[in-house]
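Colleague: need coordinates for the following:
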Amino acid sequence: MLHASECSISLAMRILLPALAAELADDPRISQTPLVDKGFAAVRRIANGLYATISDFSKGSTTVCNGGFLIGKDAALLIEGFTTPSGAAFQMDALRMVSQVPVKAALDTHYHFDHSMGNSFYGVNNIPLCAHATAAKRIVESYSPMQGADKEAVLAPLEKTVKEAKSDAERAHAQSDLNAATIVFQVVSTSVLSLPNHPLDPAKLPMSVDLGGLTAVLESHPRHSGTDVIARVPEQNVVYTGDLLFSGWYPVCLDEKATLSGWRATLKKFASFDKDTLFVPGHGQLCGQEGIASIREMFDDIAGQAEKMYKAGVPAEEAQHRYVVPNKLRTSPYLPGASPSVRPSPRCIPNGKRPSPNTSPRGRGLENRGG
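Modeller: A predicted model of the protein is given here:
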């Protein structure tokens with residue numbers, strides 16, 4: 001099934017990546033000079049043996065998501081497969097600029113295309129690839145139908161929705177879906193699907209990965225995609241969050257198992273980490289606890305508006321058009337001239353029923369939408 005909203009790249013490509021957060025400008029752990037900067041992504045040291053790959057969508061789609069790598073005395077761990085094998089190769093080349101230790105493994109923080117379509121790089125280089133135990137299944141279910149599929153056939157239902165829209169807002173949302181779906185199809189249909197071969201059983205997490213003098217802790221927090229795994233380095237207060245954190249951006253959620261309440265609980269846990277914790281988000285710039293507070297404020301507002309509409313008996317199909325971005329959050333990036341919305345789906349909410357304030361409508365929570 002084609003998840004149209006999956007491609008936040010469709011809007012992010014139009015917006016410049018913000019500068020390093022002011023709260024981190026004087027953090028002695030972070031190198032002010034990137035190790036390497038290719039435009040589409042830059043790599044910089046963020047702590048002893050820890051590096052972050054920060055993508056800039058406005059300058060290319062080679063990587064799209066953020067990632068990074070951890071280097072110990074004996075081995076290294078790579079974070080993310082990115083959108084293309086070239087993206088994964090770029091990060092590997094950056095690693096080799098500072099260390100020649102063997103790569104113990106790579107980690108997909110979740111199954112979404114912008115974090116996994118470059119996985120084949122790891123396969124051809126015999127690098128073990130770890131991910132949540134259900135990530136491989138989700139990649140196959142979500143993306144194999146696009147392999148060799150006819151583009152017009154895949155996009156036809158969305159084009160029909162645009163034509164049958166009953167209002168300008170509904171039409172704008174539908175067109176946004178179509179635009180995003182087109183980009184997802186273009187990326188996935190030209191990619192070689194490569195699956196994680198080291199499944200991580202969430203029941204056995206957290207799990208420590210010893211790299212030699214540096215230990216990464218892998219934890220399961222399946223609130224964005226149902227397959228989310230983070231990498232923490234508690235000794236240095238650094239967390240690679242995957243898409244559980246969108247730093248300075250409206251978040252995107254794509255899984256029917258994800259819930260607004262569950263994601264908020266995860267962010268609350270992040271807020272309980274040390275005050276000096278440095279977060280490497282799935283998208284956006286590096287941030288500290290101020291970034292966590294900001295995204296929590298977004299979710300609180302979404303939950304509040306959803307609660308009001310739920311109590312007022314507003315039908316799901318109508319509620320999706322009523323979300324209003326508060327003035328104090330309007331500086332958060334999304335599609336220029338558009339607004340985010342909470343979108344319902346028959347997969348999660350029967351037609352005519354009210355949206356639950358604790359359920360992610362359409363399995364996606366808040367999405368970046370046109371209109």
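Colleague: lowest-scoring secondary structure element of this structure by mean pLDDT?
Modeller: Within the chain, no helix or strand scores below strand 366-367, which has a mean of 35 by mean pLDDT, DSSP states H and E.
Colleague: now the residue lying closest to residue 244 once chain neighbours are set aside: which helix or strand?
Modeller: Spatial nearest neighbour of residue 244, excluding adjacent residues (C-beta to C-beta, 6 or more residues apart in numbering): residue 224 at 5.2 Å. In this view, the C-beta of every residue, glycine as well, is placed from N, C-alpha and C. Following DSSP states H and E, there is no helix or strand that holds residue 224.
Colleague: pLDDT score for residue 201?
Modeller: pLDDT, residue 201: 98.
Colleague: quick check: it vs residue 229, distance?
Modeller: Computed with C-beta to C-beta, to the nearest Å, the distance linking residue 201 and residue 229 is 11 Å.
Colleague: returning to that earlier point: next, the residue nearest to residue 244: phi, psi?
Modeller: Main-chain dihedrals, residue 224, degrees, to the nearest 10: phi -100, psi -40.
Colleague: and for it, the neighbour number?
Modeller: A count of neighbours around residue 224, defined by other C-beta atoms under 10 Å, yields 29.
Colleague: gap between it and residue 152?
Modeller: Residue 224 is 31 Å from residue 152, by C-beta to C-beta.
Colleague: could you do residue 249 as well?
Modeller: 32 Å.
Colleague: higher neighbour count, those two?
Modeller: The neighbour comparison of residue 249 against residue 152 (other C-beta under 10 Å) goes to residue 249, with 25 against 8.
Colleague: that one contacts residue 284, doesn't it?
Modeller: Yes - using C-beta atoms under 8 Å, residue 249 is in contact with residue 284, at 5.0 Å.
Colleague: hang on, residue 268 in a strand?
Modeller: No - assessed with DSSP: H, G, I helix; E, B strand; the rest coil, residue 268 is helix; it does not lie in a strand.
Colleague: spit out the contact partners of it.
Modeller: residue 296 (C-beta atoms under 8 Å, 6 or more residues apart in numbering).
Colleague: which other residues reach the helix or strand hosting residue 121?
Modeller: Using DSSP H and E, residue 121 falls within helix 120-124. The contact list for helix 120-124 (C-beta under 8 Å, 6+ apart) reads 78, 81, 85-86, 88-89, 92, 106, 127-129, 191-194.
Colleague: how about the helices in the stretch 51-200 of the chain?
Modeller: Counting by DSSP state H, counting those that start in this stretch, the stretch 51-200 of the chain has helices at residues 85-98, 113-116, 120-124, 135-143, 151-163, 168-189.
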